[in-house]
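Participant: fold the following, please.
(one chain, ligands or ions: 1)
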Amino acid sequence: MIENDFIPSSYAHDKEQGRVQWKAPSNIALVKYWGKKQNQIPANASVSFTLDKCRTITSVEFTKLDKVDKEFSFDLLFEGQKREDFKPKIETFFKRIERYIPFLKNYHFSINTSNTFPHSSGIASSASSMAALSLCLMDIEKQMVSEMNPDFFYKKASFLARLGSGSACRSVKGSLVQWGEHDKIVGSTNLYGIPYPFPVNDVFKSYQDTILLVHKGQKSVSSTLGHDLMHGHPFSEKRFKQAHDNLIRLRSIFAEGNLDDFMEVVESEALTLHAMMMTSIPYFILMKPNTLSIIEKIWEYRRTGKKHLCFTLDAGANVHLLYPNNEKKEVEKFIKEELIAYCENGQYICDQIGFGAKKM
Ligand code: DP6
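Facilitator: Now for the predicted structure:
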């Protein structure tokens, strides 16, 4: 598909008003997206686990305006409170998608959104929130056309979400989601995320992700700025090639359930992401001393028993612990005894692999 396939030719039905509601999950990248071209096109392909419990729930009430407005007309409630400071992001999103959702200026939208994970936990909510909003808009569009097949619905929702925040396109459908053109991955595209198209061993279907909240404050450098710093970065080309090669490596790892190799790829990806931050100009560090202490503890845990606990990191200080379901008991004990001490106020979130967004 190409971008223009997402521009509707006309709408068969006129809707005066209505309400839609969706919940969309967060996701954690195993091969990271870091660096992009114009129009939210990723510099390299990525793959992520969809989460289950960390979600954004968004409802959109829409009312037809008497006349088409020059500006977008919407208000935004976050966890029941009006949030003017969140509006510019939605405004930018609407501008980017207006071409594909031409009814945007015909309606007033009341957007009401909340997260299932604690606010300012340092967990990025842009992926789940942009995915949930995109699904709401697609739900409205669906009511205006005579017929829309589900495949198109989800592809376009992911396409729109990507324009809001790149990683959001991986929060729409599927439990293991691939985004970005890759010569060895059938059906892969820069435009939207696709359910991982190759066999996945059962061990990954109940994988656990415990998120240790190391630092709950605002990040010192935004992801958007970080992506930008990959332009002219001394290691960018090598990094993009490494991500490409890691995706090739993961194909047999996912199929065979080779957890030792899985851990190597995932940890190397996380550390490379942060290495890119530390070697850009300007350079910056998002990890905290406790992030490193946790990593050392994990490595020590692995050295002393043949266990499959590994970590990954987002663009922040929090640590995602990834491990198979059958090791859950021991890992939970280890977290309580050894790792909680490094979490801000002892807080962590127990999540696991999920299956994508849902209409409510
Ligand atoms: C480190 O999707 O937040 O989490 O497209 O600018 O909104 P924008 O960036 P964003 O970047 C995510 C970066 C990452 C890696 C990943 O999720 O693949």
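Participant: what is the end-to-end distance of stretch 59-78?
Facilitator: This stretch, stretch 59-78, spans 11 Å end to end (CA to CA, to the nearest Å).
Participant: can you list contacts of it?
Facilitator: Contact partners of stretch 59-78, identified using CB atoms under 8 Å, 6 or more residues apart in numbering, comprise 14-21, 82-84, 86-87, 90-91, 94-95, 104-114, 133, 136-137, 140, 360. Placement of C-beta: from N, CA and C, glycine included.
Participant: so which of those residues belong to strands?
Facilitator: Applying DSSP state E to the contacts of stretch 59-78, the entries found in strands are 17-21, 82, 107-114.
Participant: picking that back up, can you tell me which of the contacts of stretch 59-78 are buried?
Facilitator: 15, 20-21, 86, 90, 94, 104-107, 109, 111-114, 133, 136-137, 140 (16 or more other CB atoms under 10 Å).
Participant: Leu259 reaches Lys307, doesn't it?
Facilitator: No. In this structure, Leu259 is not within contact of Lys307 by CB atoms under 8 Å, at 9.4 Å.
Participant: how far away from the center of its chain is the helix or strand hosting Thr291?
Facilitator: Assessed by DSSP states H and E, Thr291 sits inside helix 289-304. How far helix 289-304 lies from its chain's middle: 25 Å, per CA atoms, centre = their mean, to the nearest Å.
Participant: tell me the SS of the residue in the chain sticking out farthest from the centre?
Facilitator: The centre of the chain is farthest from one residue, Asp66, which by CA atoms, centre = their mean lies 36.8 Å away. When classified by DSSP: H, G, I helix; E, B strand; the rest coil, Asp66 comes out as coil.
Participant: any idea of the pLDDT on it?
Facilitator: Looking at Asp66, its pLDDT reads 91.
Participant: okay, now Gly180: neighbour count?
Facilitator: The burial count assigned to Gly180 is 28, neighbours taken as other CB atoms under 10 Å.
Participant: and the end-to-end length of stretch 12-22?
Facilitator: Stretch 12-22 end-to-end distance (CA to CA) = 24 Å.
Participant: now it: mean pLDDT?
Facilitator: On average, stretch 12-22 scores 94.
Participant: in what helix or strand does the residue nearest to Ser129 when sequence neighbours are not counted lie?
Facilitator: Counting by CB to CB, 6 or more residues apart in numbering, Ser129 lies nearest to Thr56, which is 4.4 Å off, once chain neighbours are set aside. For Thr56, the enclosing helix or strand under DSSP H and E is strand 46-64.
Participant: now that strand: buried residues?
Facilitator: Quick answer for strand 46-64 (16+ other CB under 10 Å): 46-52, 54-62.
Participant: these: which two are farthest apart?
Facilitator: The two members of the buried residues of strand 46-64 with the most space between them (CB to CB) are Val47 and Glu61, at 35.3 Å.
Participant: follow-up on the earlier one: the helix or strand following the helix holding Thr291 pairs with which strands, and in what direction?
Facilitator: Counting by DSSP H and E, the next helix or strand C-terminal to helix 289-304 is strand 310-313. Looking at strand 310-313 with DSSP bridges, its partner strands are strand 319-323 (antiparallel).
Participant: how many residues are close by Ala157?
Facilitator: Ala157 has 31 neighbours, counted by other CB under 10 Å.
Participant: and it, backbone torsions?
Facilitator: phi -60, psi -40 (degrees, to the nearest 10).
Participant: any idea of the pLDDT on it?
Facilitator: For Ala157, the model assigns a pLDDT of 98.
Participant: before we move on, back to that, ok, and which of the contacts of stretch 59-78 reach the ligand?
Facilitator: Among the contacts of stretch 59-78, no residue lies close to the ligand (CB under 6 Å from any ligand atom).
Participant: before we move on, back to that, list just the nearest of the ones in strands among the contacts of stretch 59-78 to the ligand.
Facilitator: Set against the ligand, the nearest of the ones in strands among the contacts of stretch 59-78 by CB to the nearest ligand atom is Thr113 (16.5 Å).
Participant: list the contacts of the closest one.
Facilitator: 56-59, 76-79, 129, 132-133.
Participant: out of the ones in strands among the contacts of stretch 59-78, who's nearest Asn246?
Facilitator: Set against Asn246, the nearest of those by CB to CB is Thr113 (33.6 Å).
Participant: distance of that closest one from Ser26?
Facilitator: The gap separating Thr113 from Ser26 is 14 Å, by CB to CB, to the nearest Å.
Participant: pull up the overlap in contacts between the two.
Facilitator: The contact sets of Thr113 and Ser26 overlap at Thr56 (CB under 8 Å, 6+ apart).
Participant: about what we covered before: neighbour count: Leu259 and Lys307, which is higher?
Facilitator: Leu259 (21 against 18).
Participant: which residues does the residue in the stretch 251-360 of the chain positioned nearest to the ligand contact?
Facilitator: With CB to the nearest ligand atom, the shortest gap between the stretch 251-360 of the chain and the ligand falls at Ala315, namely 3.9 Å. Contacts for Ala315 (CB under 8 Å, 6+ apart) come out as 34, 124, 219, 223, 226, 273, 277, 286.
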